[in-house]
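**Student:** Just need the structure, nothing else, for what follows:
(chains A and B)
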Amino acid sequence: MSTKLPKIIVILGPTATGKSDFAVDLAKQFGGEIISADSRQVYKGLDLGTGKITKREMRGVPHHLLDVASANRVFTASDYARLAKHAISKIAGKGKLPIICGGTGFYIVAALERQSLAPVPPNTALRKKLTKKSASKLFSILKKIDPERARTIDAKNSHRLIRAIEIAKAIGKSPARNREEEYDALKIGLNFPLETLKRRIDLRLKKRLRLGLIKEVEHLHEKGLSFKRMEALGLEYRYISRFLRGILTRKQMEEELSREIFKFAKRQNTWFKKDNSIHWVKNIKEAKILIKKFL
RNA sequence: GCACAGGUGGUAGAGCGGUCAAAUACAAGAGACUGUAAAUCUCUCGCCCAUGUGGCUACGCAGGUUCGAAUCCUGCCCUGUGCA
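**Tutor:** Got it, this is the predicted structure:
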């Protein structure tokens, strides 16, 4: 029924499951190009810490949405949706297969759905003012101006409340979300049992530290990326910058970072778990069979 | 050996006669997600029945005082510091 929609492949799963390499293999076989769906790989200079694929690892397969923003500015899900949709049509237009690959569930949804985000840009002045207010205060404001949204929102999450108020002030109320997808997407998931995932995360972190991860963070700071911004970027950038600032010892940094990456992987799992359309595969062979059938 | 200080849940650490299964933080587990999403936020967290103003076992060990003790007393066993 959705056969008229452009066909695309989505490779997803938590961190450290080998998605990037997997996607390159598939792209090679099916004539695809890859669109990264990673909220941190969009930034220039965040390489080792984000596990960004190297030129060499790309093996000639074109990659999109890497290094499209400066780490100093905030790149949003909306920016992502716009660029990703554009990349998809460009690739499909060439007769090639678009392959979205990444672990940022929200970005994948934003790219696939017709209109999942309200067309209201951030209002920094308003945000600044609202940031000072408590969550319960924000909630009561929202309840007055957009009671409908207030019913479903997380009443204790200031971030979300501020955004909802921002939308309501701009266009009256949050639009109903249109979950209809704009593409005929085959979603393929990669995962491991938690114990294995944990081990992989640890090994990968150690490797990256050997390869100069701390240097990367140091260098970014020298180039003007503030520690405050690094806190917001999270994980490697947050914890290594804490080490550089002397807040954590090297050992504490490694332990906490490893734990946090694992927690993050579990949060990714929580997100993906509720999507029943994902085909979880054990290996590339299973994925190839699925794709052949799909195309 | 004498003198202090202290031994509390996975850890750190409150509590110092009742309202304590025990603050808080961390760890752990589960979950949410409408432009910060690697962010942000929520819930659970002694055991058991799992409905509850439910049952059971708990605050180093053994006794005691008391209507009632993690909280007071005695002895013992540990630990830290001071003096020898």
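**Student:** Next, count neighbours for the residue nearest to A:Ala155 when sequence neighbours are not counted.
**Tutor:** Of all residues not flanking A:Ala155 in the chain, A:Phe139 sits nearest, at 4.6 Å (C-beta to C-beta, 6 or more residues apart in numbering). Where you see a C-beta, it was placed from the backbone N, CA and C, and this is true even at glycine. A:Phe139: 21 surrounding residues under other C-beta atoms under 10 Å.
**Student:** Okay, now the unreliable bits of the stretch 1-150 of chain A?
**Tutor:** Residue ranges of the stretch 1-150 of chain A with pLDDT under 70: A:1-3.
**Student:** Then the stretch 151-295 of chain A?
**Tutor:** Across the stretch 151-295 of chain A, nothing is flagged by pLDDT under 70.
**Student:** Doesn't the residue nearest to A:Ala155 lie inside a helix?
**Tutor:** Yes: per DSSP: H, G, I helix; E, B strand; the rest coil, A:Phe139 lies within a helix segment.
**Student:** Surely A:Met99 is within a strand?
**Tutor:** In this structure residue A:99 is Ile, not Met. Yes: counting by three-state DSSP, A:Ile99 is part of a strand.
**Student:** how many other residues sit next to it?
**Tutor:** Neighbours of A:Ile99 using other C-beta under 10 Å come to 28.
**Student:** give the contact list for it.
**Tutor:** Taking C-beta atoms under 8 Å, 6 or more residues apart in numbering as the criterion, A:Ile99 is in contact with A:8-11, A:23, A:26-27, A:32-35.
**Student:** 6 Å - rerun?
**Tutor:** A:Ile99 is in contact with A:9, A:23, A:27, A:32, A:34, counting by C-beta atoms under 6 Å, 6 or more residues apart in numbering.
**Student:** hmm, back to that, the residue nearest to A:Ala155 and RNA strand B: what is the separation?
**Tutor:** Distance check for A:Phe139 against RNA strand B: by C-beta to the nearest atom of the strand, to the nearest Å, it reads 11 Å.
**Student:** re earlier: export the contacts of A:Ile99 as CSV, with columns for distance to RNA strand B.
**Tutor:** Below are the contacts of A:Ile99 laid out as CSV (distance: C-beta to the nearest atom of the strand, whole Å):
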residue, distance to RNA strand B
A:Ile9, 20
A:Ala23, 15
A:Ala27, 20
A:Gly32, 22
A:Ile34, 16
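**Student:** Filter these down to the ones in strands?
**Tutor:** For the contacts of A:Ile99, the ones inside strands are A:9, A:32, A:34, with DSSP state E as the criterion.
**Student:** For the residues you listed, which entry has the maximal number of neighbours?
**Tutor:** Sorting the ones in strands among the contacts of A:Ile99 by how many neighbours each has (other C-beta under 10 Å) puts A:Ile34 first, at 28 neighbours.
**Student:** Is that one bridged to anything, and to what?
**Tutor:** A:His63, A:Ile99 (DSSP bridges).
**Student:** my guess is it meets A:Asp21, correct?
**Tutor:** No: using C-beta atoms under 6 Å as the test, A:Ile34 is too far from A:Asp21 to be in contact (11.0 Å).
**Student:** Next, the contact list for A:Glu180, please.
**Tutor:** Contacts of A:Glu180 (C-beta under 6 Å, 6+ apart): A:Arg114.
**Student:** Write out the residues of the stretch 101-250 of chain A neighbouring RNA strand B.
**Tutor:** Residues of the stretch 101-250 of chain A lying close to RNA strand B (C-beta under 7 Å from any atom of the strand) are A:103-107, A:116-122, A:127, A:131, A:149, A:152-154, A:156-160, A:162-164, A:167, A:174-177, A:194, A:231-238.
**Student:** switch to 6 Å and redo it
**Tutor:** Counting by C-beta under 6 Å from any atom of the strand, the residues of the stretch 101-250 of chain A close to RNA strand B are A:104, A:106-107, A:116-122, A:149, A:152-154, A:156-160, A:162-163, A:167, A:174-177, A:232-236.
**Student:** Please check the residues you listed and keep the buried ones.
**Tutor:** Buried by 16 or more other C-beta atoms under 10 Å: A:104, A:107, A:116-118, A:120, A:149, A:153, A:158, A:160, A:162-163, A:167, A:174, A:233, A:235-236, out of these.
**Student:** Which parts of the stretch 151-295 of chain A are strands?
**Tutor:** Secondary structure of the stretch 151-295 of chain A, counting by DSSP state E, counting those that start in this stretch: strands at A:178-181, A:184-189, A:278-280.
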